[in-house]
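Asker: Kindly generate the corresponding structure for this input.
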Amino acid sequence: MYRRAFIKNLGLATAALGAIPSFPVRLLGATAAQQFLPRSTPESQGVSSLGILGFLKALANAKLELHSFMLVRHGHVISECWWAPYRREAVHSLYSLSKSFTSTAIGFAVAEGKLKLTDRVVSFFPDQLPAAVSDNLAALTVANLLSMSVGHKTDSIATLTHNVEQPDWVKTFLSLPIDYTPGSVFLYDTGSTFMLSAILQKVTGQKVVDYLQPRLFGPLHIQQKTWETSPLGINTGGWGLSVTTETLAKFGQFYLQKGQWNGRQLLPRQWVAEATSFKIQQPVTWDSGSDPAKQATHTASDAEAALANLKQSSDWHQGYAYQFWRCRHNAFRGDGAFGQLMVVMPDQDAVFVATAETGHMQEELNLVWDHILPAMRDTKLPKAAATLSPRLKSELSAAVLPLPAGDLNQPIAARISGRKFAIDANELGIQTVSVQFNGDACAFRFGNATASFEVECGLGKWRDGLTNLPGEPPGLLPYNSRDFKSIKVAAAGAWKDANIFQMLWRFYETPHRDTVTCSFEGDTVRIEFLNSISESLGPNRAQRPETRPTLKGTLSS
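Answerer: Okay, here's the model as predicted:
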């Protein structure tokens, strides 16, 4: 199932864990030094600029679309980049990298004695249980949820989010059959992370995002964050968190420092070690998204040999922890669909984070291992090596995503500018469309009987704006709690030929974009939408087709 290729990337006793400081913590206004990690140069932290330049070159050749990255060594940011129109101050949706934050909240709750890993899931929701509780459901524990070993045959998330007639996702999850003994097989199950969020809210009375405020976000001086909720007001847990790239770097550094920040042990070291260590092995069939039991079709020797090969090349077969993945090179990571990454490298005292839109996360990780990892040394590099640093800085500061190719003007633009097209009846309810060209920009306006929706578009450059056009922005899962009156978008357009004007709308707080193609012929217009999720699937687009209709219209008299 191709959705899995995205969502994967979507994607004990507690007495010994120790105590944590009392909460809440009163926070004063953060200084610039508190808001940002310290900066340094690659060579002064023992990293070759040449290796980072090699990473950038390989990234361009691989045609992987990164939106940002930061490399942290010995606690200092030594390289960072945002590809315009993405920018430093903007949050970016994390998809499944949200899971690692939910895991962290559970760690705090365990340390505070609010729950135990051995607690049975059914004990938290006595009023939402099915009429008959199976043995497997009765046996399901918090630890099983954390380690993705619930025992489902398929990821439960689609069942939870697409059943609009049942807003109680907890009740839906508990009603699903558990086919295998909990703890016996690995299956990436985003619904299980939602259940962790629901349990946390049940025992604390707070959403995960609010519970983490005095424990994590406040002490790390993380100010910008949003987290989607279920229809009943529970943070989605397994996805839906949006933060800045700097926040990801801080979060990775927090785990690299084993839960310590500014000299304070916020999260017990024992929990950090427990949460990021091997818990369960992915089956050799894992990447295909098939039923976990199908690994039994391999003979024991075949499966062992296949797994040994995968361990050499695949970061998806190094074992799973508590909502963290184990990686090659003794690293661990949180990750999310379309290439959201937070890689912690304890052996190198380093953190690599990235936001992106790519369906090839293994290739993204390979570039880190092939270029970033070998560039690290145990000591400072000689000053002569630092001559590459200005070149690196120049390349990073000039990073920009490609603008639409084509001409910035065509004769037809003057004839149609400011005039309305009456649009045929359509599922979006759009009744009129107009475009106003003005120098190096244009304004596209979509209207219905009660409202007007506008997208500002640059010509030969990105133009920032806000839109509340229905259907924006694209996403894998339904949005349940977003302010759609102010979706941020950077747009640019160009004429593909004398009659075709094409725009890119980049929703820069998400990984995604829309390509909008407007074909003008005589007095008619044809407007086609293509979201980047569907576009990325190429010949397999039917797995996730564009659902918005083609708009057709005629110039009004």
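Asker: Show me where this protein dips below the pLDDT cut-off.
Answerer: By pLDDT under 70, the low-scoring segments of the chain are 1-33, 287-300, 383-386, 479-485, 557.
Asker: center of it - which residue?
Answerer: The centre of the chain sits closest to L94, judged by C-alpha atoms, centre = their mean, with a distance of 2.4 Å.
Asker: Angles on the backbone of it, please.
Answerer: The phi and psi values for L94, taken as degrees, to the nearest 10, are phi -100, psi -10.
Asker: Cross-check the contact I'm expecting between it and F338.
Answerer: No - counting by C-beta atoms under 8 Å, no contact exists between L94 and F338, whose distance comes to 9.9 Å. In this view, the C-beta of every residue, glycine as well, is placed from N, C-alpha and C.
Asker: where along the stretch 51-200 of the chain do the helices fall?
Answerer: Assigned helices in the stretch 51-200 of the chain, in chain order: 98-111, 135-139, 142-146, 157-162, 169-175, 190-204 (criterion: DSSP state H, counting those that start in this stretch).
Asker: from the chain's centre, how far out does the last one sit?
Answerer: Put simply, helix 190-204 sits 19 Å off its chain's centre (C-alpha atoms, centre = their mean, to the nearest Å).
Asker: can you pull the buried residues of that helix?
Answerer: By neighbour count, and taking 16 or more other C-beta atoms under 10 Å as the criterion, the buried residues in helix 190-204 are 190-201, 204.
Asker: ok, F124 touching V203?
Answerer: Yes - taking contacts as C-beta under 8 Å, F124 lies within contact range of V203: 7.2 Å.
Asker: one step back: the residue nearest to the centre of the chain and I234: what is the separation?
Answerer: Between L94 and I234 the computed distance is 18 Å (C-beta to C-beta, to the nearest Å).
Asker: thinking again about what came up before, which among the buried residues of helix 190-204 gets closest to L401?
Answerer: Top of the list for closeness to L401, among the buried residues of helix 190-204 and by C-beta to C-beta, is T190 at 28.4 Å.
Asker: any idea how far that closest one lies from D155?
Answerer: 6 Å.
Asker: Same check on I533?
Answerer: Distance check for I533 against D155: by C-beta to C-beta, it reads 17 Å.
Asker: try P404
Answerer: 36 Å.
Asker: go on, W316?
Answerer: Taking C-beta to C-beta as the measure, W316 falls 15 Å from D155.
Asker: For these two, indicate the residue with more neighbours.
Answerer: The residue with more neighbours, out of W316 and D155 and counting by other C-beta atoms under 10 Å, is D155; that gives 24 against 21.
Asker: what's the nearest residue to that one if we skip its chain neighbours?
Answerer: Distance criterion C-beta to C-beta, 6 or more residues apart in numbering; nearest residue to D155, sequence neighbours excluded, is D189 at 5.1 Å.
Asker: now L469
Answerer: Using C-beta to C-beta, 6+ apart, the closest residue to L469 is F453 (4.1 Å).
Asker: wait, doesn't the one you found sit right on G447?
Answerer: Yes - with contacts defined as C-beta under 8 Å, F453 counts as touching G447 at a distance of 7.1 Å.
Asker: Against which helices or strands is the helix or strand containing R445 packed?
Answerer: When elements are assigned from DSSP states H and E, R445 belongs to strand 441-447. Other elements packing on strand 441-447 under the criterion 3 or more C-beta pairs under 8 Å, 6 or more residues apart in numbering; DSSP states H and E are strand 432-438, strand 452-459.
Asker: Mind listing residues that contact the shortest one?
Answerer: Outside of strand 432-438, the residues that reach it under the criterion C-beta atoms under 8 Å, 6 or more residues apart in numbering are 409, 413-414, 416-423, 442-448, 501, 518, 525, 527, 551, 553, 556.
Asker: for stretch 147-156, same thing?
Answerer: So stretch 147-156 is in contact with 4, 7, 136, 140, 144, 172-173, 176-192, 279-280, 291-293, 320-323, going by C-beta under 8 Å, 6+ apart.
Asker: Between the two ends of that stretch, how far is it?
Answerer: Between the opening and closing residues of stretch 147-156 we find a distance of 15 Å, counting by C-alpha to C-alpha, to the nearest Å.
Asker: Ok, stretch 362-372 next?
Answerer: Stretch 362-372 has an end-to-end distance of 15 Å (C-alpha to C-alpha).
Asker: May I have the phi/psi pair for D210?
Answerer: With angles defined as degrees, to the nearest 10, D210 shows backbone torsions of phi -80, psi -40.
Asker: Now do the end-to-end distance for stretch 315-335.
Answerer: Where stretch 315-335 begins and where it ends lie 11 Å apart, using C-alpha to C-alpha.
Asker: which of the residues in it are buried?
Answerer: Within stretch 315-335, the residues that qualify as buried are 315-328, 331-335, counting by 16+ other C-beta under 10 Å.
Asker: do stretch 89-104 as well
Answerer: 90-104.
Asker: I'd like the distance from stretch 440-447 to the chain centre, please.
Answerer: The chain centre lies 30 Å from the centre of stretch 440-447; the measure is C-alpha atoms, centre = their mean.
Asker: What residues sit buried inside stretch 113-122?
Answerer: The neighbour-count criterion (16+ other C-beta under 10 Å) identifies K114, L115, K116, L117, D119, V121, V122 as the buried residues of stretch 113-122.
Asker: closest to Q224 among those residues?
Answerer: Lowest distance from Q224 to the buried residues of stretch 113-122 (C-beta to C-beta) belongs to K114, with 27.2 Å.
Asker: Domains in this protein, by residue range?
Answerer: In terms of domains, the chain is parsed into 1-11+37-90+245-256+319-401, 98-243, 411-555 (source: automatic domain parsing).
Asker: what kind of secondary structure is S242 in?
Answerer: Here S242 is recorded as strand under DSSP: H, G, I helix; E, B strand; the rest coil.
Asker: Just to check, it is in contact with H92?
Answerer: Yes - when contacts are counted by C-beta under 8 Å, S242 is listed as touching H92 (6.3 Å).
Asker: Tell me the residues that contact both of the two, please.
Answerer: Counting by C-beta under 8 Å, 6+ apart, the residues touching both S242 and H92 are E509.
Asker: Now do the helices in the stretch 351-500 of the chain.
Answerer: Ranges of helices within the stretch 351-500 of the chain are 361-367, 389-397, 411-416, based on DSSP H, counting those that start in this stretch.
Asker: tell me which residues in the longest one are buried?
Answerer: Of the residues in helix 389-397, those buried under the neighbour-count criterion (16+ other C-beta under 10 Å) are S389, L392, L396.
Asker: ok, those residues vs M342, which is closest?
Answerer: Once C-beta to C-beta is applied, the member of these that ends up nearest M342 is L396, at 19.6 Å.
Asker: that older thread, make a ChimeraX selection of the buried ones in the contacts of stretch 147-156.
Answerer: Selecting the buried subset of these in ChimeraX, with 16+ other C-beta under 10 Å as the burial test, is done by:
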select :4,7,136,140,144,172,173,176,178,179,180,182,183,185,186,187,188,189,190,191,192,279,280,291,292,320,321,322,323
